[in-house]
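> return a 3D structure for these sequence lines:
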Amino acid sequence: MMKHAISMVAVLTLAGCGGGTGGGLFGGGGGLFGGGGLFDRDRAAETTAMAPDTETPRPEARSGDDPVAAGAAEAAGAAEAEGGGLILGFAVASLGDASVSGLWMETPLVSTEGPGRVVGPDGRTVAVTLRPSGGGPGSGSRLSLQAMQALGIDLAALPTVTVISDA
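Just a heads-up that it's a prediction; the model follows:
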């Protein structure tokens, strides 16, 4: 019982400490339960809004350093160079079923099977059969083992590729 009493006195003593600045559990002024701290719920928060000025540093737009824009430009160039096609979008691709041979991609970007191309992160292009994955938008895509190898992608990687339909 004595241990509990000493512990409670120590906790209350330390909780009330605020370093003389009005902090602590019970606040620094106005009696035992007043003047700030945990039990002063009616006190408005003291915040100061800062207005931006002319000396606030702002990020500058960079030209040519955006990998997504560069990938889209490469994909558009590949689509034009290889006979057109409709750019369906970007997909994060993982390795599909390695027991199914061929050059194919299962993706939620198509609703019917058809011919297409995949442009890898480094600009390499491979012709594949695009198959619907049945997943929702953004659910990811699966590339065949042979397609991953043709694109020079590490089998454990999750690259962002560009999907082009040739249908």
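> where do the helices sit along the chain?
2-15, 67-81, 145-151 (DSSP state H).
> those: lowest mean pLDDT?
In terms of average pLDDT, helix 67-81 trails the rest of these, at a mean of 53.
> what ranges does the chain have for its strands?
With DSSP state E as the definition, the chain shows strands at residue ranges 86-95, 104-107, 114-119, 125-132, 141-143, 160-165.
> any chance of those in TSV with distance to residue 9, mean pLDDT and mean neighbour count as columns?
Where C-beta positions appear, they are placed from N, C-alpha and C, glycine not excepted. Below are these laid out as TSV (distance: least, C-beta to C-beta, whole Å; pLDDT from 0 to 100; neighbours: other C-beta atoms under 10 Å):
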stretch	distance to residue 9	mean pLDDT	mean neighbour count
strand 86-95	59	93	17
strand 104-107	67	95	24
strand 114-119	71	96	22
strand 125-132	70	95	19
strand 141-143	64	95	24
strand 160-165	61	94	22
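> tabulate the ones you listed in a markdown table, adding columns for distance to residue 7.
Below are those laid out as a markdown table (distance: least, C-beta to C-beta, whole Å):
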| stretch | distance to residue 7 |
| --- | --- |
| strand 86-95 | 54 |
| strand 104-107 | 62 |
| strand 114-119 | 66 |
| strand 125-132 | 65 |
| strand 141-143 | 60 |
| strand 160-165 | 57 |
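> okay, now the residue nearest to residue 98 when sequence neighbours are not counted: neighbour count?
In this structure, residue 98 finds its nearest non-sequential neighbour in residue 145, 4.6 Å apart by C-beta to C-beta, 6 or more residues apart in numbering. Number of residues near residue 145 (other C-beta atoms under 10 Å) recorded here: 18.
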